[in-house]
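[1] model the structure of this input:
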Amino acid sequence: MGFFDRFSSKKPTSAPASANGSDATHAVIAASATAASSSPASPAPAVGSVKALLETAREKLTAKDLPAAVALYEDVLASSAGDRPDVLVAISGDLGSHGHVNEIIELVAPRYDADRHGPATGLNLLQAYLAVRNPDAAQHVLDILFGLQRPELEQRLYGFSNAIAEMIAAPHAAPPPGVVGGAAVGADAPKVALVSISKPIWFYGLEAMATQLLPSKEGHLRRIAFAQLALPNYPDLVAAMKKPEDELGRLSRALPLWLAEAFYFSPSYHPVAAVAVMNPPDGAPAHLMIFGAEWTTENLRQLVDTSGDGLDFIVTGALRVHAGDYEALLRVWEVKTFRERKTFTARWTPATADEALAKLHGDVRAYMEWSPDSAAFAYVPTAKPRAWLDTLGGSLGLFLVDKNVIPLAAISPSAEVLAHATQHAAAGEAASFAFLTTRARIAHVDATVVVSGDVTLARSPLVNAAKKIFV
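    This next block holds a predicted model:
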């Protein structure tokens with residue numbers, strides 16, 4: 001299942017520029033494989049020829065020449081190469097990224113065989129049927145996928161099952177973007193942008209102290225991405241994304257920021273945190289994205305493709321809450337094989353959050369053989385992770401507002417963010433840095449909040465030097 005395709009109608013040719021090490025790039029549709037046609041296959045083109053044909057078809061799609069692209073795809077599919085999963089992955093992916101859902105159904109559905117081609121194509125085909133609001137066909141594909149008896153897909157398939165049930169119950173409702181089955185198609189579709197945060201979020205604004213605060217990154221480094229967590233079973237995603245972020249949404253972004261921050265201060269890793277923003281059509285204000293389903297291997301490939309220098313590991317996951325009980329699930333993926341290597345879970349209540357989150361953080365560090373780097377600023381995992389996550393989430397929101405990625409109305413009230421940062425400003429050097437950069441951003445983006453006054457900070461030469469930057 002690819003959730004990016006529920007929002008992206010066009011694969012970008014270049015990533016939008018951003019400041020201070022943040023890279024925003026439109027996400028693209030998840031690709032998948034299709035099945036054999038019952039008609040006799042023509043001789044397969046040479047491997048190079050197939051690749052060239054697919055690239056030419058992609059260029060035709062970019063030039064908005066759909067008939068020419070479809071003709072090329074039909075030529076490939078009519079050959080024996082048309083039964084190759086890699087070929088069908090490219091075809092369905094490119095059509096979907098350009099919003100041509102009907103063509104996915106026409107070209108893929110007659111060829112799909114779940115036993116032969118696996119679940120990836122079925123998941124994309126299922127989403128295509130949901131996008132055109134055909135619950136009967138979607139249900140048929142869902143039954144086939146359940147029949148594969150793949151435990152790792154069960155949770156996602158139940159998400160599709162819920163989407164089909166909602167569609168049957170409200171057959172005339174518009175499919176909402178942001179939930180399973182809410183595919184947005186065409187030029188007027190919303191688009192999702194992934195924003196890559198490549199340094200600790202509290203560092204932005206302290207670039208003048210880079211050599212003092214950040215360790216040097218040299219030699220062979222393991223590149224790891226921490227992806228925004230999904231919120232399965234989140235109620236009314238569409239309405240929620242139009243409101244200021246809530247606690248769960250903030251945590252879904254803050255947890256990967258926290259992990260990426262720690263791995264930045266390890267000599268073996270070069271981390272990024274990947275969070276998402278939805279850009280509605282017609283120039284409407286952008287807002288923070290909420291994912292209703294977990295990332296899949298196809299989505300991982302998309303992230304790798306947009307990462308520039310490639311990735312070695314990706315950490316994805318999900319976050320749930322029920323009656324005050326929280327659960328976080330993290331999955332570590334090895335990019336070379338796109339295999340899930342390890343899962344971690346943590347459960348907590350408000351009273352046990354610090355202990356459970358600290359253990360989760362420590363377990364991930366231990367499994368990935370994390371070790372601290374040497375620098376003037378000595379990174380120490382916080383003893384109060386629940387409060388720190390709110391600090392990171394608030395800092396991220398203000399950062400995105402300051403860079404004109406989202407409007408001020410999309411995040412928590414600035415006064416609340418500042419009050420929280422002030423309360424914890426003396427908890428350590430990093431907390432003091434976070435307060436200073438948070439206060440500076442609020443002063444820049446929200447004139448309604450008073451940011452003056454003395455605040456107790458951690459006693460440190462580095463903190464004193466940072467204070468002088470904002471005088």
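[2] quick one: the strands in the chain, in order.
    22-26, 191-197, 222-227, 269-279, 287-288, 313-322, 325-334, 339-348 (DSSP state E).
[3] as TSV, the ones you listed with mean pLDDT would be great.
    Below are these laid out as TSV (pLDDT from 0 to 100):
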stretch	mean pLDDT
strand 22-26	34
strand 191-197	85
strand 222-227	96
strand 269-279	91
strand 287-288	90
strand 313-322	94
strand 325-334	95
strand 339-348	94
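[4] mean neighbour count for those strands - can I get that in JSON lines?
    For the C-beta atoms, the positions are set from N, CA and C on the backbone; glycine is no exception. Rendered in JSON lines, the data for the strands of the chain read as follows (neighbours: other C-beta atoms under 10 Å):
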{"stretch": "strand 22-26", "mean neighbour count": "21"}
{"stretch": "strand 191-197", "mean neighbour count": "24"}
{"stretch": "strand 222-227", "mean neighbour count": "22"}
{"stretch": "strand 269-279", "mean neighbour count": "23"}
{"stretch": "strand 287-288", "mean neighbour count": "24"}
{"stretch": "strand 313-322", "mean neighbour count": "20"}
{"stretch": "strand 325-334", "mean neighbour count": "19"}
{"stretch": "strand 339-348", "mean neighbour count": "15"}
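[5] Leu418 is nearest to which of those strands?
    The closest approach between Leu418 and any of these, judged by C-beta to C-beta, belongs to strand 287-288 at 19.1 Å.
[6] who's in contact with that closest one?
    With contact meaning C-beta atoms under 8 Å, 6 or more residues apart in numbering, strand 287-288 is reached by 241-242, 245, 249, 253, 275-278, 280, 397, 400, 406-407, 410-411.
[7] going through those residues, which ones are buried?
    When these are checked for burial by 16 or more other C-beta atoms under 10 Å, the buried set is 241, 245, 249, 253, 275-278, 280, 397, 400, 406, 410-411.
[8] flag the least confident of those residues.
    Per-residue confidence over the buried ones among the contacts of strand 287-288 reaches its minimum at Pro280, where pLDDT is 76.
[9] please tell me I have it right and that one contacts Ala286.
    Yes. At 7.1 Å, Pro280 counts as touching Ala286 under the criterion of C-beta atoms under 8 Å.
[10] so how far is Pro200 from Val87?
    Val87 sits 42 Å away from Pro200, taking C-beta to C-beta, to the nearest Å as the criterion.
[11] more neighbours: which of those two?
    More neighbours surround Pro200 than the other of Val87 and Pro200, with 27 against 23 (other C-beta atoms under 10 Å).
[12] with adjacent residues omitted, what lies nearest to Arg365?
    Leaving aside its chain neighbours, Arg365 sits nearest to Ala262 (6.4 Å; criterion: C-beta to C-beta, 6 or more residues apart in numbering).
[13] how far away is the one you found from Tyr204?
    From Ala262 across to Tyr204, the span is 17 Å (C-beta to C-beta).
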